[in-house]
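[1] sequence-free structure coming up:
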């Protein structure tokens, strides 16, 4: 449920809190060791607006515009 919730959160601080909650639940209930976390870096020109990173790193251009 938290995973599906995080996929729909646009605000990064709230999404990060949801990810942290998922991590703590997983670590408390299952013997897992995360090997790495993916980091997303995108370079965008200053006149491009609406380019955001989503929880599953899909490139969605629906809200992207050039000013």
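    All right, it came through fine. Keep in mind the model is a prediction, meaning the values are calculated, not measured.
[2] next, give phi and psi for the most centrally placed residue in the chain.
    Computing the C-alpha centroid of the chain and ranking residues by Cα atoms, centre = their mean puts residue 55 first, at 2.7 Å. Main-chain dihedrals, residue 55, degrees, to the nearest 10: phi -60, psi -30.
[3] might you report the residue contacts of it?
    6, 7, 9, 15, 19 (Cβ atoms under 8 Å, 6 or more residues apart in numbering). C-beta here means a position set from N, CA and C on the backbone, and glycine is covered the same way.
[4] and the strand or helix carrying the fourth one, what's buried?
    What it means is residue 15. Using DSSP states H and E, the element containing residue 15 is helix 12-29. Within helix 12-29, the residues that qualify as buried are 15, 18, 19, counting by 16 or more other Cβ atoms under 10 Å.
[5] pLDDT and distance to residue 1 for those residues - can I get that in TSV?
    Shown next, in TSV, are the buried residues of helix 12-29 (pLDDT from 0 to 100; distance: Cβ to Cβ, whole Å):
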residue	pLDDT	distance to residue 1
15	92	15
18	93	10
19	92	14
